[in-house]
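>>> Sequence and computational prediction follow.
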Amino acid sequence: MNVKRRVAVVGAGITLFRRRLKETGKELSYLAANAALESAGMTMDDIDCVVMGTAPDAFDGIHMKADNLLDGAGATRKPYSRVYVGGGTGVFSPIGGWWHVASGLFDTCLVVAEEKMSPCIPHPQTAFRTIWDPIITRPLNPNLVWIFALEMNRYMKTYNIPKEHIAMVAVKNKGNALDHPSAQLAAKITVEDVLNSETMVWPVQRLDISPPSDGAAALVLTSEDVARKFTDAPVWIDGVGWSLDSAYWTNRDLCFPQYVAEAAKMAYKMAKITDPPKEVDFAEPYDPFTYKELHHMEGLLLAKKGEAPQLTADGVTQRDGDLPICPSGGLLGVGNPIAAAGLMKCCEMFWQLRNEAGKRQVSGAETGVAQAWGDLMQVGTVTVFRR
Amino acid sequence: MAYDKIRDPRRIMHVEGDMEVDYIYTAGIAGERFFVALRDKEKLVATHCDKCNHTFMPPRMYCDRCFAELSNWIELPPTGAIASYTITHEDNNGERLPEPIVLAFIEIEKTDGALIHQIGEVKPGALKIGMRVQAVFKKKSERTGALTDIRYFKPA
Ligand SMILES: [Zn+2]
């Protein structure tokens, strides 16, 4: 890999995450972008280009919605592009920003991620009906939760995982989110609450699943020279990776997300990480469902296959454990405005690595990994941040 | 194999489907103020950026030039001038309209922006760029808080 120059993160901003917000998508983008600029001590004049990450147009209900969001993201009359890999977009958007700066083409890049899912009625899941192959899959009228349920059941059976261990992810993340000012579903709950919650598509129950949300997040990326002018505490994007598996969901391994592993290996190689569980201090894997956090920990090579549930049961993934996982509260606790949720994870790494995470602070964190997943449930996007 | 000559696609091996999804959009921070004033007061609301000396029509909660959050909301009468117009003779499906529709780009007075709307009460031949126009509103009971609460603009 020939990386021309190092890229720093110098600012982060986020809106509230809620089931429904009054602000339009443009207005949400503005609030997050402006907060990130303020955090960086910059104005729009300091920004050379803008990268927008936003997931399916069908959520906001505006075809080609990145164009609609442009002025809210501060991109009027600037080089502007949208990056898109479905649910993986949130962590892919700083990767898009990274290549703008790492290439030497621009010194600064504002990265904004937005999702407004509330316009879609009766439920944003309706929009997902149209993502399937119309010839082979759509005639069965599938929904997304089907796939997750099949994957979760296979994962549980293969490694003999008790549902109690999976439920602990919801307890941990919703609890962690109590300390996040943007959180939509922070709560103090028990494993029993999860196991007694309504069964949606067995074995997926109500408290195993993240909510639809409105929200936006933003990061400011700069070259090393510029970073030194604005801050004594830059956070570095030392590794990026992404990978897509076969679009046929019947031709993928249900037990192990190989596409996440490929993306992680690319990012670790760039960051010169050879022993991820030892060298990564905390991680923000994508957790739209309880079991997905575990699946993704294994895909990120932070746990051996089938062993993430036991680590969770042993308390290793708690905020004060040996390998804190989703100290932000994750999608299960903070909320899931798709692209913004992924970028929220990168914002969390920025705050953790700057010691600015307040009550969520993980002690002594030097290296963090964030990951998102999506597209046709076969994309992995990974970033490694260091202080 | 090309199917150029087959006009009925159902003669080909096929699956039918649709992509229907329904939406309810929030008007937003700026949109809500704009539509409430339009519906209740027959006024247009703009926002002014003091730093850039720029007046946004339709209003925005932020200035896309200097990126300041805008708090200077101005109420204006619904009048403007035609900056450009077109006369459409066909509908979106290519069907002939019974009466042509005049659409105009209307620069709103005392702002740096414009609204697109229909022009009524004027013969197409009498239209002129630069013509001053004013909004004609629906009856109060028929207004919903939308741009269509204005039926059209007519010569002022
Ligand atoms: Zn301004």
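Received, thanks. Numbering: from 1, shown residues only, chains lettered A, B, ... in the order given.
>>> tell me the SS of A:Ile62?
What DSSP: H, G, I helix; E, B strand; the rest coil gives for A:Ile62 is coil.
>>> Quick check: it touching A:Gly25?
Yes. Contact criterion Cβ atoms under 8 Å: A:Ile62 and A:Gly25 qualify, at 7.3 Å. Heads up, the C-betas are built off the backbone N, CA and C, glycines and all.
>>> Get me the contact residues on the stretch 101-250 of chain A for chain B.
A:118-122, A:126-127, A:129-130, A:134-135, A:138-139 (Cβ under 8 Å from any Cβ of the partner chain).
>>> Would you report which members of those are assigned to strands?
Counted as lying in strands by DSSP state E, out of these, are A:Cys120, A:Ile121.
>>> Buried ones among the residues of the stretch 101-250 of chain A next to chain B?
Neighbour counting over these (16 or more other Cβ atoms under 10 Å in any protein chain shown) leaves A:Ser118, A:Pro119, A:Cys120, A:Thr126, A:Ala127, A:Arg129 as the buried ones.
>>> about what we covered before: farthest pair in the residues of the stretch 101-250 of chain A next to chain B?
Within those, two members stand farthest from each other by Cβ to Cβ: A:Ser118 and A:Ile135, at 31.7 Å.
>>> Residue nearest the middle of chain A, spatially speaking?
By Cα atoms, centre = their mean, chain A has its centre lying nearest to A:Gly342, at 2.2 Å.
>>> For the residue nearest to it when sequence neighbours are not counted, list the residues it contacts.
Distance criterion Cβ to Cβ, 6 or more residues apart in numbering or on different chains; nearest residue to A:Gly342, sequence neighbours excluded, is A:Gly90 at 1.6 Å. By Cβ atoms under 8 Å, 6 or more residues apart in numbering or on different chains, A:Gly90 lies in contact with A:53, A:55, A:113, A:217, A:338-346, A:372, A:381.
>>> one more time with 6 Å, if that's ok
A:Gly53, A:Ala113, A:Ala339, A:Ala341, A:Gly342, A:Leu343, A:Ala372 (Cβ atoms under 6 Å, 6 or more residues apart in numbering or on different chains).
>>> Alpha carbons of stretch A:37-53, as CSV, please.
Extracted as CSV, the C-alpha positions of stretch A:37-53 are listed here (Å, rounded to 0.1, in the frame of the first residue of the first chain):
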residue,chain,number,x,y,z
LEU,A,37,-16.2,22.6,12.9
GLU,A,38,-16.5,24.2,16.3
SER,A,39,-14.8,21.3,17.9
ALA,A,40,-11.9,21.7,15.4
GLY,A,41,-11.8,25.5,16.0
MET,A,42,-12.3,25.9,12.2
THR,A,43,-14.7,27.8,10.0
MET,A,44,-16.1,26.8,6.5
ASP,A,45,-13.2,28.8,5.0
ASP,A,46,-10.8,26.2,6.3
ILE,A,47,-12.6,23.4,4.5
ASP,A,48,-11.3,22.3,1.1
CYS,A,49,-13.8,19.6,0.3
VAL,A,50,-16.8,17.7,1.7
VAL,A,51,-17.7,14.0,1.7
MET,A,52,-21.3,13.0,2.4
GLY,A,53,-22.2,9.5,3.7
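>>> does chain B sit close to it?
Yes. Using Cβ under 6 Å from any Cβ of the partner chain, stretch A:37-53 reaches chain B at A:Met44.
>>> Need the residues that contact stretch A:195-202.
By Cβ under 6 Å, 6+ apart, the list of residues contacting stretch A:195-202 reads A:Val145, A:Ala149, A:Ala167, A:Gln205, A:Arg206, A:Leu207.
>>> Show me where the stretch 1-150 of chain A has its helices.
Secondary structure of the stretch 1-150 of chain A (DSSP state H, counting those that start in this stretch): helices at A:25-40, A:57-60, A:65-69, A:89-102, A:125-128, A:144-159.
>>> how about those helices, which one is nearest the ion?
Taking Cβ to the ion, helix A:25-40 is the member of the helices of the stretch 1-150 of chain A nearest to the ion, at 12.3 Å.
>>> in the closest one, what's buried?
Within helix A:25-40, the residues scored as buried using 16+ other Cβ under 10 Å are A:25-37, A:39-40.
>>> how distant is it from the center of its chain?
18 Å (Cα atoms, centre = their mean, to the nearest Å).
>>> Same question for stretch B:127-143.
Centre-to-centre, stretch B:127-143 and its host chain are 12 Å apart (Cα atoms, centre = their mean).
>>> The helix or strand bottoming out on mean pLDDT in chain A packs against which elements?
Here the helix or strand of chain A ranked lowest by mean pLDDT, DSSP states H and E is helix A:125-128, holding a mean of 84. With contacts taken as 3 or more Cβ pairs under 6 Å, 6 or more residues apart in numbering or on different chains; DSSP states H and E, helix A:125-128 sits against no other helix or strand.
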